[in-house]
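Participant: what would the 3D arrangement of this be:
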Amino acid sequence: MSTTKRPGHLRSVPAPGEATARRLDEEHERKAPTGITAPTRRGHSGVFVTDVIVELGYANRQRVDEVITEARVAGKTPEALLLEYDLIDTDRLSRAIAERYGLDHIDLNVHMVDMGAANLLSMSAARRYRAIPVGYVDQQTLLLAMADPADVLAVDDIQMMTGLHCHVAVAAADDIDALIGRMNTLETAVSEAVSEEEDLEGEAEVTELHESAGDAPVIKLVYSVIAQAVGEGASDIHFEPDEGEMRVRFRVDGVLHETARVPKRMISGVISRVKLMADMDIAEKRVPQDGRVSVNVDERKVDLRVTTLPTQRGEGCSIRILDKEQAMRTLDELGMDGERRTLLEGAFTRPYGAVLVTGPTGSGKSTTLYAALLELNAVERNIITIEDPVEYRISGINQLNVNRKAGLTFANGLRSILRADPDVIMVGEIRDAETARISIEAALTGHMVLTTLHTNDAPGAVARLGEMGIESFLTASAIECVVAQRLARQLCTYCKRRTMVRQDTLLEVGVRMGADLEAYEPVGCGRCSQTGYRGRIGLYSVMPMSDEIKNLTVSRAAETEIAAVAREQGMLTLREDGLAKVRAGITSVEEIGRISV
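Facilitator: As a prediction, this is how the structure comes out:
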């Protein structure tokens, strides 16, 4: 540990500014190789955390005072608003809290955590108190990392649970959350489940499947998988039978990675448990099945969409995690700004017409449409959607679910919707010629239609509708705007490193530049699970249907010709939007090369 002394009363010290703030952070890193930094003064009685934030130079006084005033009206803490507005990050906030209370600060990305100490506290308790033991001060005292050291009741509870005294230190809330996610891994859950599981021999009957699916070890394992997937921000869970065992993979930020392997004896029980949860027939293994279930993970409701697949190596299943908190995002949060957002909003706020969002599966098309619906959702508008399936329920919007067994298809549903006096219609996806025709006719008869289409770029949507048999003059008259999009992983803001990308490297990913590019590259730290990336952001290419493009559409011009005119009129390609986000330090050149063409 190290200390530095700064004389004077807190309020007499002027705000040192951003440069000094960076210097202080660098000093913290240099003087604390173990990740533990002692405070400069032992507490500031009667001083607010916001005052310490100003003194350390993390934010200027005028802006902090504005946030304090706004917090009173918003019913939030000033610190929460400072984080929300990106005026500070969780690491700097934790350093300010440590100074305020005169406590040590721990950087959990540097400090060597004693996992034995960490596992003295259950994951549920650690999440509830946002606190975790990270080591021992002595045989009777734990070193406890907390996000809120003022929660003395939490300290008392943890001391009672562990039977040890606690020496409190402050750590960033994000770091604590990441460590909690690692403290009880799936491998541990699998090992514990195997040790309790009885060996299942031969083919199981239906009654035995029910019993194995209800075994406590199996239930614990399945819920451990789901809880860890939600904690890591995964969008999908894959249970995939392999030779002699079953592997578990998560898709996080669009990339799959293996998390654990389940032994052969437990495969039937795990799959049966998932099928029971989703109200499926556990005796039927010959055909795929679909189901849905809602679960509570850390007091948060999450919807799961389950699909089973009878593969050659046995029955497997995939679970799509539908987290409403992650999906209900504004266009700003999705990464669409400036002129492109203005063009899109100008299109979908018109009284009639069609807006198409294109891209491959998993590119965020539905999320973009939901963002548009959130802006359109008002008492004076009748908004009806037809989706397959309805992923997120939105208050004030009438949502229909496709049900082919009952005869409710996109086309049949659209016909009924048009008789229900809608102002705005959202069609989950145009899959066939009939759905395309009804959608275009609806757009031409006084309705705003929002829908998706599978094409690689915006100009390709015009050609795709032509291939579906839609007359070119109808397409030109109905469509107001086409948006192509992809999702790119964002660089971790804590560990990204500035670099110069050479021209030859840029050419390898299809970017031609006249000079080396100044950008950032991924590094990897505890906050991003050593991947260098955390979260995703949208790349957008917006093509409004100008008079020139409509004329080209009517004359059935080639897709390349339409694209050339759109470019002349200011349309950015997906790669160009990605390159702009590379320059801004949001993503990397390698990521743009991976997802764009």
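Participant: could you use CA atoms for every contact and neighbour count after this?
Facilitator: Will do.
Participant: so which bits of stretch 405-423 are buried?
Facilitator: In terms of neighbour count (16 or more other C-alpha atoms under 10 Å), stretch 405-423 has its buried residues at L408, T409, F410, A411, G413, L414, I417, L418, P422, D423.
Participant: that one: end-to-end distance?
Facilitator: 28 Å (C-alpha to C-alpha, to the nearest Å).
Participant: circling back to that earlier point, of all the buried residues of stretch 405-423, which comes closest to T77?
Facilitator: D423 (39.6 Å; C-alpha to C-alpha).
Participant: residues contacting the closest one?
Facilitator: Residues in contact with D423 (C-alpha atoms under 8 Å, 6 or more residues apart in numbering) are P351, R381, N382, I383, G446, H447, M448.
Participant: let me know the pLDDT of it.
Facilitator: pLDDT for D423: 95.
Participant: show me what contacts V170?
Facilitator: V170 neighbours (C-alpha under 8 Å, 6+ apart): 94-95, 97-98, 103-106, 145-149.
Participant: which one of those residues is nearest to D432?
Facilitator: Out of the contacts of V170, the member with the shortest distance to D432 (by C-alpha to C-alpha) is A147, at 52.7 Å.
Participant: G231 versus that closest one, what's the distance?
Facilitator: 18 Å.
Participant: same question for R419.
Facilitator: Plainly put, R419 is 44 Å away from G231 if you go by C-alpha to C-alpha.
Participant: quick one: residues contacting the closest residue in space to S529 that isn't next to it in sequence.
Facilitator: In space, S529 comes closest to A178 once its chain neighbours are excluded; the distance is 8.0 Å by C-alpha to C-alpha, 6 or more residues apart in numbering. By C-alpha under 8 Å, 6+ apart, A178 lies in contact with G526, R527, S529.
Participant: highest neighbour count among those residues?
Facilitator: Sorting the contacts of A178 by how many neighbours each has (other C-alpha atoms under 10 Å) puts R527 first, at 22 neighbours.
Participant: touching, it and D174? I think so.
Facilitator: Yes: the criterion here is C-alpha atoms under 8 Å, and R527 meets it with D174 at 7.0 Å.
Participant: what's the distance between the residue nearest to S529 and L108?
Facilitator: 9 Å.
Participant: ok, now T553?
Facilitator: Distance from T553 to L108, counting by C-alpha to C-alpha: 58 Å.
Participant: compare these two (neighbour count), which wins?
Facilitator: The neighbour comparison of T553 against L108 (other C-alpha under 10 Å) goes to T553, with 25 against 22.
Participant: SS state for the more buried one?
Facilitator: Following DSSP: H, G, I helix; E, B strand; the rest coil, we place T553 in the helix state.
Participant: hmm, it is touching L474, no?
Facilitator: No: the pair T553 / L474 is not scored as a contact, 9.6 Å apart, by C-alpha under 8 Å.
Participant: related to what we said a few turns ago, residues shared between the contacts of A178 and L108?
Facilitator: Contacts common to A178 and L108, judged by C-alpha under 8 Å, 6+ apart, are G526.
Participant: the closest residue to D279 other than its chain neighbours in helix, strand or coil?
Facilitator: Once flanking residues are discounted, D279 sits nearest to G291: 6.5 Å by C-alpha to C-alpha, 6+ apart. On the three-state scheme (three-state DSSP), G291 is labelled strand.
Participant: doesn't V306 make contact with G291?
Facilitator: Yes: counting by C-alpha under 8 Å, G291 does reach V306; the two are 5.1 Å apart.
Participant: now do the shared contacts for the two.
Facilitator: Residues within reach of G291 and of V306 at once, by C-alpha under 8 Å, 6+ apart, are K275, A278.
Participant: for the helix or strand that L356 is a member of, packing partners?
Facilitator: Secondary structure from DSSP states H and E places L356 in strand 353-358. Judged by 3 or more C-alpha pairs under 8 Å, 6 or more residues apart in numbering; DSSP states H and E, the packing partners of strand 353-358 are helix 338-348, helix 365-376, helix 433-444, strand 448-453, strand 479-491.
Participant: surely V582 is in a helix?
Facilitator: Yes: under three-state DSSP, V582 falls within a helix.
Participant: nearest residue to it other than its sequence neighbours?
Facilitator: S588 (5.4 Å).
Participant: for that neighbour, the count of nearby residues, please.
Facilitator: 26.
Participant: ok, now how distant is it from M336?
Facilitator: Distance from S588 to M336, by C-alpha to C-alpha: 18 Å.
Participant: just to revisit the earlier point, OK, contacts around the residue nearest to V582?
Facilitator: By C-alpha under 8 Å, 6+ apart, S588 lies in contact with Q490, L491, A519, Y520, E521, P522, V582.
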